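S.K.: Build me a model from this:
(chains A, B and C)
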Amino acid sequence: MTDSTTNMRLKLPITCFILEIILIILFGVLVQYDHETDAREWHKQNHSDYENDFYYRYPSFQDVHVMIFIGFGFLMTFLQRYGFSSVGFNFLIAAFALQWATLMQGFFHGMHGGKIHIGVESMINADFCTGSVLISFGAVLGKTSPVQLLIMAMFEVTLFAVNEFILLSLLGTKDAGGSMTIHTFGAYFGLMVTRILYRPNLDKSKHRNSSVYHSDLFAMIGTIYLWMFWPSFNSAITAHGDDQHRTALNTYYSLAACTLSTYGMSALTAHDGKLDMVHIQNAALAGGVAAGTAGEMMLTPFGSMIVGFLAGIISVLGYKYLSPILEEKLKIQDTCGVHNLHGMPGILGAIVGAVTATVATTDVYGNGMEDVFPMIAGGKTASFQGGIQGISLAVTLGIALLGGLIVGFILKLPIFGQPPDTICFEDSIYWEVPGEEASHEDQMTAVRTEETEKLNS
Amino acid sequence: MTDSTTNMRLKLPITCFILEIILIILFGVLVQYDHETDAREWHKQNHSDYENDFYYRYPSFQDVHVMIFIGFGFLMTFLQRYGFSSVGFNFLIAAFALQWATLMQGFFHGMHGGKIHIGVESMINADFCTGSVLISFGAVLGKTSPVQLLIMAMFEVTLFAVNEFILLSLLGTKDAGGSMTIHTFGAYFGLMVTRILYRPNLDKSKHRNSSVYHSDLFAMIGTIYLWMFWPSFNSAITAHGDDQHRTALNTYYSLAACTLSTYGMSALTAHDGKLDMVHIQNAALAGGVAAGTAGEMMLTPFGSMIVGFLAGIISVLGYKYLSPILEEKLKIQDTCGVHNLHGMPGILGAIVGAVTATVATTDVYGNGMEDVFPMIAGGKTASFQGGIQGISLAVTLGIALLGGLIVGFILKLPIFGQPPDTICFEDSIYWEVPGEEASHEDQMTAVRTEETEKLNS
Amino acid sequence: MTDSTTNMRLKLPITCFILEIILIILFGVLVQYDHETDAREWHKQNHSDYENDFYYRYPSFQDVHVMIFIGFGFLMTFLQRYGFSSVGFNFLIAAFALQWATLMQGFFHGMHGGKIHIGVESMINADFCTGSVLISFGAVLGKTSPVQLLIMAMFEVTLFAVNEFILLSLLGTKDAGGSMTIHTFGAYFGLMVTRILYRPNLDKSKHRNSSVYHSDLFAMIGTIYLWMFWPSFNSAITAHGDDQHRTALNTYYSLAACTLSTYGMSALTAHDGKLDMVHIQNAALAGGVAAGTAGEMMLTPFGSMIVGFLAGIISVLGYKYLSPILEEKLKIQDTCGVHNLHGMPGILGAIVGAVTATVATTDVYGNGMEDVFPMIAGGKTASFQGGIQGISLAVTLGIALLGGLIVGFILKLPIFGQPPDTICFEDSIYWEVPGEEASHEDQMTAVRTEETEKLNS
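M.R.: As a prediction, this is how the structure comes out:
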């Protein structure tokens, strides 16, 4: 493979322009304001402006938006020479994915009279779908070109929408915070893609596949924002009232408990008791993932904390012991360890959701049953709902793995400009990178110039 | 010019204290809580506490606030040795400008019985006006003392309020997100100021007028926050209900489309296809600027995406080809390229707004016309509104350029402590800067000390 | 003291697991959803889902949450080699403290039929209590092990809840933003702890007790977030309606005025007029602390600005002149200078609150008196309320100092793994720290490898 293949001079502009022009045309043909966003429609009805859903969803939307662009973007800046790409490609593929997701999700569950209706709820859903793509990005981080990532996003968004449609619309699954639809799907899709894109000589880039002091601090910006806003994420599209309130509360306690078990496990598994930034940056978030399905249910703070506590333990153990095995035995090179942060905790969250659904009773939910479990309120048994939850996990895993397999082979086509094994995890392949060293010399010169100035003045 | 002129020992305290004491006195004489903020007034009326406008504006206000202090502040940290000043002077002049803007805007359109009434809406407006000053700051970044910046802010806020009054109150212009009042005004005012302050020997500081790896990452924090919260910015003071909702939606899609065209153009215009951080940090935001006027109108997502797409292209082309010409031919040294991010996209936004107004029909807006175009709802034609929008752009450009001319000459007075041409873009002129190099040696010493300790223990 | 005492291999996991398991058990026994969070309870009543308090408190909660985790966490990253610990220990003890605070505060003022009821308001209160612990953390920063910090948090949260109960429930004190309960308490508690933990040989670590260029920029992230969201902090649990609105407004202007006096004083007190990052990072926030008690009262913007102006001056003078004296004469080693940011401004805020309460009249407050001063509305005189406020300050100081004394001695027990005097302010004691230097060499190797690749291709 020659260096020139990674040149993006034509590949990236062509991809960006074609994709965006297709998006614009499809939006022109298919997309309309919904009745809360359209001037005429909104004013046809008799209601206060304060009842517009904007006021009850938009603050949650903005928190989710921060998680997508700052949270995921900076979380991945931990690599020493890949900060531009981590934040920058995250930015690019998220900006594409949220547009494409609007169309795909709208096509499956937002059509009204042949048109896709959009508003703040579709914006949140589009950001959610984008989150799934960014999880997969974490698995292939440092080893893919921006064109590959855009292609991956295009297919993954489509498959995400299919899986989401099957779960939420056909099966009646509950998964407000996306333990299955977002985390499990994104993780196993990405893991399969990175398996197919296996690089036997990746160890030639291994000196760059690690952090430096400042890059770990930048990554903590991402971690903390994800951690803080996860209660908003899980509650963003639940039913209004007690449901949103309860989901935020459950997630808050799940994350707090997860943080303590993460710190404990990180020190315990280190040979000299020193905390490992990889664990803190990632495993402390597993409590949010694991509360994604059951968070809106009557899980109780007690239950949430147990879930978070277990998620932190599983996640640290995954980073410490499972990831090296996956890489050696299964040839899965998972840069960010998404299996430990999104994969296993996502499955845990799905199971917790199935169990919590199975034990739901009218005694506990009262008239609130309708909002949380409309199928149970409509006459189905709680066990049926629990069964549906379990089947949904299997469906999600199936579509993710099969989709990742196919998309992985598409991305293998030698036309998308992927970097050679020797120059992975390196910004300078795709970015103009300013010279850090040279500028230090300049600074010294500057200081000397100043001193001379001062002497002369 | 001797070095001692840049000494801020007395200049800065005198300026800060005099300005703040004047502000406090004027606030004491002129400013009152409005009827939503005042304990007695609010409780005189018969309404629920939940109807207080606080709940329908404050989340937007906080997003705008983040854009002003984190967004603008960190966006300008891209310079290698000017991070303290970028964030720190941004902080100082914004804290001053928002107070002064409260008075100036209140004087022009917030007086009730001789008193200026304030609440969350005036806070948003004050932050908006501050944004305009920070845009101008971008044009002169690295070449001005904090005293100059405070003086500039004082005059600019005043002229901003005059222009805003002419547009919004006298002419009946629509400009909720400020394509004209904020971006066009701030950009051309700043460009004229930097033209007047032209430094023929600025190339002596050119080694410092560039980024390093970490400074570009800090700048991305600013970029991403501006990008994420721009929907809140454009919708912060539109009418409640569908208007705020629609504005946020339009801006969201405009920015997403802009991001794709920015990445495409950045790779296309580079000789080796490598992305340029300057473009990503700035041009990807042009879609928000360009949706500032028409965002609240029935622009449709389709229209918004076209606008954003064009804004990104124009902005990258500006950075690549126009800025060097402006500097060489017109002697405009525009450090942050505000012409490309705020100037041209602001004009584009004004034109889009004029066109969108011109085609407004009752068929499309229904009873929502009153909120968006009260003049059309009151009997004027849509073309008339369109004409007003066009005139407003001309008025804004006129006041900005003339104002910048006068203020530029005031700032040229050799008493405000501006840095010499040889030491521009340098924090150590105005800040105690810790020694990076020395501390590395300290660290090595520390490590050796530790090792010795361990051996001895 | 041997190095091995700082090994966290067993100490930290044992502490984390025991604490978390106790928390989970107590939550299981004692904690319930409140009637706004519980599915059955919420749906028993006849109200709109939009009336759920979630929508009127949660945006404020999220702003407070950002202050606790990003604000406090990054503010303390100013030290050159203590960024991991600053953000990371902040994260750990905050995650613990918010759970423990839920129990302690619930025990004192949230019990309903033997159960602690929780919802968004208890989440805000738990975050507030956590803030107090983080203030104390600032005093001992760099000199304590994570186990010591968790032990400190456990005791401090308990005493915080006792003091809060005495003030708010027994005495009827008003202190919505916590000038007394949070800032004064946290500061003097922490100062006493650091006094007891006095290290005579701390100067052996003094080369690490300072900032570097990038660490000061990271710290500014913390500063600016604290500054921006302080209006949300002070207003988060005030009464709905005009009260929240007014508190946010007062705090906004107090902070703006404080920023100008901080910059002025910083330049004035430097021998060469150069701004000091320590002042900007900290003193500019004193206006928020000082508006913590009176912010919800009819302080007027004029009054708020005077308070903020004075707070900035006092705080800079404290950093410049008082802190060195406290260290030399009283042996108080206050790493972050919490006495200047939280201690003195907290007392100022308490006094301003007492004075503002004393001059409260029905003429000014109207029917809003009930919300702000229920005791005055109930027949007590304003002077009585003022007296209560004054007594509350004394009580707070007493409990903080006595509590700090006792807890300080507990933390002195030589079993918690505190670092030796020679290796304070150093991440590598408790963290796996990546080698910055080595990686630079790697990078050069990488570049050379790349160049070779290019030549060969």
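
S.K.: C-alpha only now, for contacts and for neighbours.
M.R.: OK.

S.K.: residues in contact with the closest residue to A:G318 other than its chain neighbours?
M.R.: Counting by Cα to Cα, 6 or more residues apart in numbering or on different chains, A:N340 is the residue found nearest to A:G318 once chain neighbours are left out, at 5.2 Å. A:N340 makes contact with A:283, A:314-316, A:318-319, A:323, according to Cα atoms under 8 Å, 6 or more residues apart in numbering or on different chains.

S.K.: Among the residues you listed, which ones are in helices?
M.R.: A:314-316, A:323 (DSSP state H).

S.K.: By neighbours, which of these wins?
M.R.: Highest neighbour count within the ones in helices among the contacts of A:N340, by other Cα atoms under 10 Å in any protein chain shown: A:S315, with 31 neighbours.

S.K.: I'd like the distance between that one and C:L393.
M.R.: Here A:S315 is placed at a distance of 46 Å from C:L393 (Cα to Cα, to the nearest Å).

S.K.: Likewise for A:F218?
M.R.: According to Cα to Cα, A:F218 and C:L393 sit 40 Å apart.

S.K.: which parts of the helix or strand that contains A:Q148 are buried?
M.R.: Per DSSP states H and E, A:Q148 falls inside helix A:146-164. By neighbour count with 16 or more other Cα atoms under 10 Å in any protein chain shown, helix A:146-164 contains the buried residues A:146-164.

S.K.: Number of residues surrounding A:L275?
M.R.: 30.

S.K.: Excluding residues flanking it in the chain, which one is nearest it?
M.R.: Closest to A:L275 by Cα to Cα, 6+ apart is C:W431, at 4.6 Å.

S.K.: so who does A:R199 touch?
M.R.: A:R199 neighbours (Cα under 8 Å, 6+ apart): A:D421.

S.K.: Show me the longest helix that occurs in chain A.
M.R.: In chain A, ranked by residue count with DSSP H as the criterion, the top helix is helix A:382-412.

S.K.: what's the helix or strand containing A:F189 packed up against?
M.R.: A:F189 belongs to helix A:185-196 when assigned by DSSP H and E. On a contact count with 3 or more Cα pairs under 8 Å, 6 or more residues apart in numbering or on different chains; DSSP states H and E, helix A:185-196 meets helix A:120-140, helix A:382-412.

S.K.: how about the CA coordinates for it, as CSV?
M.R.: Output in CSV follows, covering the C-alpha atoms of helix A:185-196 (Å, rounded to 0.1, in the frame of the first residue of the first chain):
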residue,chain,number,x,y,z
PHE,A,185,-25.8,-2.5,18.8
GLY,A,186,-23.0,0.1,18.4
ALA,A,187,-20.5,-2.0,20.4
TYR,A,188,-21.0,-5.4,18.6
PHE,A,189,-21.3,-3.7,15.2
GLY,A,190,-18.0,-2.0,15.8
LEU,A,191,-16.3,-5.0,17.2
MET,A,192,-17.3,-7.0,14.1
VAL,A,193,-16.1,-4.3,11.8
THR,A,194,-12.7,-4.1,13.5
ARG,A,195,-12.5,-7.9,13.4
ILE,A,196,-12.9,-7.8,9.7
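
S.K.: For that helix, which outside residues touch it?
M.R.: With contact meaning Cα under 8 Å, 6+ apart, helix A:185-196 is reached by A:131-140, A:156, A:160, A:330-334, A:338-339, A:342-343, A:396-397, A:399-405, A:407-409, A:412.

S.K.: Can I get the buried part of those as one PyMOL selection?
M.R.: Typed into PyMOL, the line below selects the buried ones among the contacts of helix A:185-196, using 16+ other Cα under 10 Å:
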select buried, chain A and resi 131+132+133+134+135+136+137+138+139+140+156+160+331+332+333+334+338+339+342+343+396+397+399+400+401+402+403+404+405+407+408
